[in-house]
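1. got a predicted structure plus its sequence, pasted below:
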Amino acid sequence: MSLEIDTIFRNRANSRGVLFSALRVCVAEFRNYLRRRETHRALSRLSESELKDIGLQRTELGYNELHNDRFKLGPRRG
């Protein structure tokens, strides 16, 4: 092949690579969005006691983990 044709094919391949990479990133972000939405819908169907069983609590802004300290610091009895 001539240098000109080789350069044209290389440029087209590189531009397609950028396009496919951008498309791949968009698809991955869309899948993450769908997964988050599905999780939020599933959590919204749970009652407060069911949320407590899995260690979550409902807040105004979403859900937070319940932090039950297993090893409480304080005076020792013994």
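-> Perfect, thanks for sending it.

2. which residues touch stretch 60-70?
-> The contact list for stretch 60-70 (Cβ atoms under 8 Å, 6 or more residues apart in numbering) reads His40, Leu43, Leu51, Lys52, Gly55, Leu56, Gln57. C-beta: built from backbone N, CA, C; applies to glycine.

3. relative to His40, how far out is the third one?
-> Here Leu51 is placed at a distance of 13 Å from His40 (Cβ to Cβ, to the nearest Å).

4. the two: which is more packed in?
-> More crowded of Leu51 and His40, by other Cβ atoms under 10 Å: Leu51, with 15 against 11.

5. run through the helices of the protein in chain order.
-> 3-44, 48-53 (DSSP state H).

6. can you put these in CSV and add distance to Asn64 and mean pLDDT?
-> Formatted as CSV, those follow (distance: least, Cβ to Cβ, whole Å; pLDDT from 0 to 100):
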stretch, distance to Asn64, mean pLDDT
helix 3-44, 12, 87
helix 48-53, 10, 93
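
7. all set, thanks.
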